[in-house]
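Enquirer: Fold the following and give me the result.
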Amino acid sequence: MKLPEVTRIYQNHTFDSTRWRNFVPRDDDIVISTSYKSGTTWMQNIVAQLLFLGQEEVPFAWDVSPWIDTRLNRPIEEVMAYLQKQTHRRFLKTHLALDGIPFFSKVKYIVVAREARDVFMSWWNHYSNYVDAAYERMNNTPGRVGDPIPRCPRDINDYWRTWITRGWFAWECEGYPHSGNMHHTQTWWDFRHLDNILFAHFNDLLVDLEGEIGRVAAFLDMAVTADQIKIVAQAVSFTALKRRATADPEAAKDTWREGMATFFNKGTNGRWHNVLSAEEVTMYEKTATKVLAPDCKRWLELGRAAFR
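Expert: As a prediction, the model looks like this:
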């Protein structure tokens, strides 16, 4: 059976996929891979709650689950040393497509995806609220490859027309100036038959959070009761996560105008209906049809409901 291989290098103002060359896996590692603004933090905290179930204080995912491929935080040597010291089951975050990350047959991969138009709305809130210090960090941290990230356009519709038709990397055609949301999903979807990859969808997390938590627990070979699943679901509700993340009002003020209150914005889907014109929706259809296989497109738009 053919396994995924690294065929691309992702390096820009935020990414450096070559950092993964330093990674030494453990057989029970968990890697959470998402396109940006697709439920990354949500899934990280679901996994954290499951792994530390029963402890008096479950750590917030960011405190124990590093983002390997960002070049903006700690040097990779420090990240690897930190991971080496962890004695609990490790879980990591990546925003890389599968063509840019090494694949290990004994590692468990959870892929979380979200419909591209919903990703765009969440990304717009993220991008349009960057402060000067955020641009300074992305563009002037040593090691950047390629152009600096540009300032966010002022008009959301102008930006949509760029985001949905232009990629940052030569092999992508959407997602500028970050990376391709749809390309990310398709690279993983091509290997959905592998039993160490689990697909989760933002829609399904919204509609059936407890059911999705149960699926994740089963995939990770964790025995949990219905009552324990309810406890986890309460701990990872949007309200609960936002409350924890915004406990320090100054947190992330060096990235967004309102700090973590910007990062945890709405947690909802469908807002694009009131923003995109019929012509702009047609632009989405054209790009989605180009990037996605038909079954992947249906799933990315609807989640599990696409196949009922």
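Enquirer: Sort out which residues of stretch 298-308 are buried, please.
Expert: Within stretch 298-308, the residues scored as buried using 16 or more other C-beta atoms under 10 Å are 299-301, 303-304. Glycine gets a C-beta too; all of them are placed from N, C-alpha and C.
Enquirer: With distance to Pro4 and secondary structure added, can I get those in JSON lines?
Expert: Output for the buried residues of stretch 298-308, formatted as JSON lines (distance: C-beta to C-beta, whole Å; DSSP: H, G, I helix; E, B strand; the rest coil):
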{"residue": "Trp299", "distance to Pro4": "19", "secondary structure": "helix"}
{"residue": "Leu300", "distance to Pro4": "19", "secondary structure": "helix"}
{"residue": "Glu301", "distance to Pro4": "24", "secondary structure": "helix"}
{"residue": "Gly303", "distance to Pro4": "23", "secondary structure": "helix"}
{"residue": "Arg304", "distance to Pro4": "23", "secondary structure": "helix"}
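Enquirer: On the three-state scheme, His178 is what?
Expert: The three-state label for His178, taken from DSSP: H, G, I helix; E, B strand; the rest coil, comes out as coil.
Enquirer: From what I see, it and Phe120 are in contact.
Expert: No: with contact taken as C-beta atoms under 8 Å, His178 and Phe120 are classed as non-touching, separated by 10.8 Å.
Enquirer: Below-threshold pLDDT in the stretch 1-150 of the chain: ranges please.
Expert: Across the stretch 1-150 of the chain, nothing is flagged by pLDDT under 70.
Enquirer: coming back round to it: please identify which of the buried residues of stretch 298-308 is nearest to Val131.
Expert: Nearest to Val131 out of the buried residues of stretch 298-308 is Leu300 (C-beta to C-beta; 31.5 Å).
Enquirer: Please enumerate the helices of the stretch 201-308 of the chain.
Expert: In the stretch 201-308 of the chain, helices defined by DSSP state H, counting those that start in this stretch lie at 202-207, 209-219, 226-235, 238-245, 260-263, 278-291, 294-302, listed in chain order.
Enquirer: Return the member of the ones you listed having the minimum mean pLDDT.
Expert: Mean pLDDT per stretch puts helix 260-263 lowest among these, at a mean of 76.
Enquirer: which secondary structure elements does that helix contact?
Expert: Using 3 or more C-beta pairs under 8 Å, 6 or more residues apart in numbering; DSSP states H and E, the elements in contact with helix 260-263 are helix 116-128, helix 238-245.
Enquirer: can you put the helices of the stretch 201-308 of the chain in JSON lines and add distance to Val112?
Expert: Converted to JSON lines, the helices of the stretch 201-308 of the chain look like this (distance: least, C-beta to C-beta, whole Å):
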{"stretch": "helix 202-207", "distance to Val112": "7"}
{"stretch": "helix 209-219", "distance to Val112": "10"}
{"stretch": "helix 226-235", "distance to Val112": "16"}
{"stretch": "helix 238-245", "distance to Val112": "14"}
{"stretch": "helix 260-263", "distance to Val112": "16"}
{"stretch": "helix 278-291", "distance to Val112": "18"}
{"stretch": "helix 294-302", "distance to Val112": "11"}
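Enquirer: Quick check: which of these is nearest to Asp195?
Expert: helix 209-219 (9.3 Å).
Enquirer: Let me see the contact set for Asn181.
Expert: Residues in contact with Asn181 (C-beta atoms under 8 Å, 6 or more residues apart in numbering) are 35-36, 38, 114, 116, 119-120, 174-175.
Enquirer: Quick check: closest non-adjacent residue to it.
Expert: Counting by C-beta to C-beta, 6 or more residues apart in numbering, the nearest residue to Asn181 once its immediate chain neighbours are dropped is Ser35, at 4.2 Å.
Enquirer: same deal with Ile30?
Expert: With C-beta to C-beta, 6+ apart as the measure, Phe91 is the residue that lies nearest to Ile30, at 4.0 Å, once sequence neighbours are left out.
Enquirer: My guess is the one you found contacts Arg26. True?
Expert: No: with contacts defined as C-beta under 8 Å, Phe91 does not count as touching Arg26, sitting 11.0 Å away.
Enquirer: Please say which of the two ends up with more neighbours.
Expert: The residue with more neighbours, out of Phe91 and Arg26 and counting by other C-beta atoms under 10 Å, is Phe91; that gives 24 against 14.
Enquirer: re the thing from before, out of the helices of the stretch 201-308 of the chain, the one nearest Pro153 is which?
Expert: Evaluated over these, closeness to Pro153 peaks at helix 278-291, with 14.3 Å, by C-beta to C-beta.
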